[in-house]
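In: Got a sequence here, can you model it:
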Amino acid sequence: MQDQQFFSQWIERSLPSTVTSSGLLQLEALAGDAGFRRYFRSNTQPSVIAVNSPPKKEKNAEYVGLSLFLQSQGLITPTIHAVNFTHGYMLVEDFGGTLFGQQLEVVDSGVLYDQAETELIKIQRATDKAPAIPLHDETKIDQELALFEQWFLKSLLNYHLNSDEKALLDSFFTAIKNSAKEQPQVMIHADYHSRNLMILEQNKLGVIDFQDAMLGAITYDLVSLLKDCYVYWPESWVTKRALAYKQRLVSAGLLVDVADSQFLKWFDFMGLQRHIKVLGIFSRLALRDSKRGYLNDMPLVVHYCLKASSKYPQTEAFNHWFKQTVLPLLAQQSWYSDKEL
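Out: From the prediction side, this is the model:
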């Protein structure tokens, strides 16, 4: 309670001069994200978002630095009004509550994805000017893929790999890492999807949750956007958009033209890396953080994993093992249902 009072007092002291308050400051708690941050909307005019972001658990300095950098590159990120790095407090611009994903059935989805891809090109073109950001390299990919065994198999499904299965996964993961290394390396948002893009006034697009930006494979953010863990599109639609984006990359000088089949293989393998990691992350969110709603998004992620791994010789063994071993375990879970798409 004392911490909350201190937080409220800091907010009152830190309100910018452009914001007016009539009466007692009130804060409305908003739905959180996958991290440890808590968000509150003020009753001021205009409203602002107060963020309580534990400094030992969240990348607050990175968020502030990257926000300013992305703005300098022509992207729209929330204006930061005030920061207290010691306590992890921030006051930021209120982007409202209209998420990209919520508008897909309201307006022309093609126009929205065109916008999202235009903003993504800006991020990728900014690579050479970007501040020091971590590498999405082999070590980082290994750490992310390890979440699959630790949280998805062991913790969620209570399944322990034998030595042959470990070897199978090692071979599969090596193919994924080799594919990532083959690709041009660019600045990646690292979570570029329908819940981290917001529709603003005049249908402009705002970008949030970019503090984990890295230098990584050129298809990483594209596959996050088009094979979204929360939004499904038919494979033919995804393929058409992916190849159209490839041409945008070539025109922007970010990619030396490669065969469509090569680009799609990069795209699919990057999707496998991301979605296998996500199976681990969603499991951890459900079990460790009591955010069990993420289990409802698992079937689509499983679908993506199986669909992509069915296409290539290097991934066939994983596909067969997952179907024979993992799917029966998933079928026993009350929250799971096959995603027939």
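In: CA atoms for contacts and neighbours, from now on please.
Out: OK.
In: which residue ranges form the helices in the chain?
Out: Secondary structure of the chain (DSSP state H): helices located at 2-14, 60-72, 109-125, 138-147, 163-182, 220-226, 235-251, 260-287, 298-309, 316-321, 327-331.
In: Identify, out of these, the most deeply packed stretch.
Out: Counting by mean count of other Cα atoms under 10 Å, helix 220-226 has the highest mean neighbour count of the helices of the chain, with a mean of 25.
In: could I get the helices of the chain as TSV with distance to Ala213 and mean pLDDT?
Out: Listed next are the helices of the chain as TSV, based on distance: least, Cα to Cα, whole Å; pLDDT from 0 to 100:
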stretch	distance to Ala213	mean pLDDT
helix 2-14	28	84
helix 60-72	8	95
helix 109-125	10	97
helix 138-147	13	98
helix 163-182	16	98
helix 220-226	10	98
helix 235-251	19	98
helix 260-287	14	98
helix 298-309	22	97
helix 316-321	29	98
helix 327-331	32	97
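In: Among those, which comes closest to Phe36?
Out: Closest to Phe36 of the helices of the chain, according to Cα to Cα: helix 260-287, at 10.7 Å.
In: ok, back up a step: let me have the helices of the chain in JSON lines, adding distance to Asp209 as columns.
Out: Conversion of these to JSON lines gives the following (distance: least, Cα to Cα, whole Å):
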{"stretch": "helix 2-14", "distance to Asp209": "21"}
{"stretch": "helix 60-72", "distance to Asp209": "8"}
{"stretch": "helix 109-125", "distance to Asp209": "14"}
{"stretch": "helix 138-147", "distance to Asp209": "18"}
{"stretch": "helix 163-182", "distance to Asp209": "23"}
{"stretch": "helix 220-226", "distance to Asp209": "13"}
{"stretch": "helix 235-251", "distance to Asp209": "23"}
{"stretch": "helix 260-287", "distance to Asp209": "16"}
{"stretch": "helix 298-309", "distance to Asp209": "21"}
{"stretch": "helix 316-321", "distance to Asp209": "32"}
{"stretch": "helix 327-331", "distance to Asp209": "30"}
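In: nearest to Tyr192, of those helices?
Out: Where the helices of the chain are weighed against each other on Cα to Cα, the nearest is helix 220-226, at 5.5 Å.
In: what does the closest one contact?
Out: The list of residues contacting helix 220-226 from outside it, by Cα atoms under 8 Å, 6 or more residues apart in numbering, reads 117, 120, 188-194, 233, 238, 241-242, 267-268, 270-271, 274.
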